[in-house]
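Enquirer: need the 3D shape of this:
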Amino acid sequence: MAERNPSQQRAAPRPNPTASAASTFLQKFQAHAPNSAQLLGFLTLFVSASILITLTGLTVTAAILGLVIFMPLIVISSPIWIPVGTVLFVTVAGFLSACGFGLVVMAALSWMYRYFRGMHPPGSDRVDYARSRIYDTASHVKDYAMEYGGYLQSKVKDAAPGA
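Expert: Have a look, this model is predicted:
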């Protein structure tokens, strides 16, 4: 009853190196599988990037078509555009320069007002130090001139005795 027929007997499965590698890969993949929030974030990123790339393509296409369509008009009217562009550039540059200089003057006047009112604006200590250095140098020069002033007067009289 319990005859063993070799054809009916199941052979022991041999280890398949590719199957074991695939199963370990699947195990690792399942261990590091993204959760639903990560998938939703990736989907949002993909959709946003697709929309931006599409809009970029449309913008570049429209710019090139506009350039092609309006190129004859630009070439024909170019003698007008150069002087107009130059005048416009000089006007805008002058206006921005005047605004910038006005802003600098207002900041300087505000700083001076706060300095003279004794509010100690930033940098006032350096101004005070420079003022004391200038005063000290001027007093040293005055003392030097007082000390050696008579020597120079006698030299001038020697150079021009009749004067």
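Enquirer: quick check: which element contains residue 147?
Expert: Following DSSP states H and E, one finds residue 147 within helix 124-159.
Enquirer: could you give the mean pLDDT of the top helix by length along the chain?
Expert: Counting by DSSP state H, the longest helix found in the chain is helix 36-76. The pLDDT scores in helix 36-76 average 95.
Enquirer: tell me the secondary structure at residue 121.
Expert: Following DSSP: H, G, I helix; E, B strand; the rest coil, we place residue 121 in the coil state.
Enquirer: where does the chain dip in pLDDT?
Expert: When residues are selected by pLDDT under 70, those of the chain lie in 1-21, 150-163.
Enquirer: how's this protein carved up into domains?
Expert: 42-78, 80-118, 122-157 (the TED database).
Enquirer: make a markdown table from the ones you listed and add distance to residue 32 and mean neighbour count to it.
Expert: In short, each C-beta sits where N, CA and C put it, glycine included. Output for the domains of the chain, formatted as a markdown table (distance: least, C-beta to C-beta, whole Å; neighbours: other C-beta atoms under 10 Å):
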| stretch | distance to residue 32 | mean neighbour count |
| --- | --- | --- |
| domain 42-78 | 14 | 10 |
| domain 80-118 | 56 | 10 |
| domain 122-157 | 55 | 10 |
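Enquirer: take the ones you listed and write them to a markdown table, including distance to residue 35.
Expert: Formatted as a markdown table, the domains of the chain follow (distance: least, C-beta to C-beta, whole Å):
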| stretch | distance to residue 35 |
| --- | --- |
| domain 42-78 | 11 |
| domain 80-118 | 54 |
| domain 122-157 | 53 |
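Enquirer: can you say which of those domains is nearest to residue 31?
Expert: Residue 31 lies closest, by C-beta to C-beta, to one member of the domains of the chain: domain 42-78, at 18.3 Å.
Enquirer: so how far is that closest one from its chain's centroid?
Expert: Per C-alpha atoms, centre = their mean, to the nearest Å, the displacement of domain 42-78 from the mean C-alpha position of its chain is 26 Å.
Enquirer: for residue 25, find the nearest of the domains of the chain.
Expert: Residue 25 lies closest, by C-beta to C-beta, to one member of these: domain 42-78, at 20.9 Å.
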